[in-house]
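S.K.: next one to model:
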Amino acid sequence: MPTILIAEDNSDFRKLTRLQLERHGFSCVEVADGSNVMEALKVNSIDLVLMDMNMPGLDGWEATVVVRTNAQYAHLPIIALTAYSLQGDRARATTAGCDVFHCKPVEFDKLLVDIKLLLQSQSTAVAVENGLPEG
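M.R.: The predicted structure is shown next:
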């Protein structure tokens, strides 16, 4: 069962997202701000991160850069989530290291498709790196 880290300061959104993901067979770890992301990654076996970009303190932009500078997590899939989508935010998220960008309110069905695609692609990449056949 893949484990998803939900980095989100809004407790209601975090809980709703966790409940929806658990209904689809995922395990979840939650943190309320970007400063706890690296600790959660070190303590848990995380397969994908849902990163709120506009958290107080260490925001998602900065937290993503921190994750990406650690070689162990350089290829960990990260999905950017933001309620304040300004022109250029998608490019900024990509530059920070996010793989996919979703605006809030999140369309869960679309988010779920992206989660599954990223996890599948990550699984294939790991198999290839380890010399295993794809698929």
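S.K.: hey, let's count contacts and neighbours off CA atoms from now on
M.R.: Fine.
S.K.: pull out the buried residues from the biggest helix by length in the chain.
M.R.: Secondary structure assigned by DSSP state H gives helix 108-129 as the longest helix of the chain. Counting neighbours by 16 or more other Cα atoms under 10 Å, one finds that the buried residues in helix 108-129 are 111, 114-115, 118-119, 122, 124.
S.K.: residue nearest the middle of this structure, spatially speaking?
M.R.: Nearest to the mean C-alpha position of the chain, by Cα atoms, centre = their mean, lies residue 49 at 2.0 Å.
S.K.: list the contacts for that residue?
M.R.: If you count contacts by Cα atoms under 8 Å, 6 or more residues apart in numbering, residue 49 has them with 4-7, 76-79.
S.K.: which of the buried residues of helix 108-129 sit farthest apart?
M.R.: 111 and 124 (20.0 Å; Cα to Cα).
S.K.: please enumerate the helices of this structure.
M.R.: 11-23, 37-43, 60-69, 89-96, 108-129.
S.K.: can I get those in CSV including mean pLDDT and distance to residue 54?
M.R.: Converted to CSV, the helices of the chain look like this (pLDDT from 0 to 100; distance: least, Cα to Cα, whole Å):
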stretch, mean pLDDT, distance to residue 54
helix 11-23, 97, 13
helix 37-43, 97, 14
helix 60-69, 96, 6
helix 89-96, 90, 11
helix 108-129, 84, 18
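S.K.: hang on, isn't residue 31 packed against residue 37?
M.R.: Yes. Applying Cα atoms under 8 Å, one finds residue 31 in contact with residue 37, separated by 6.7 Å.
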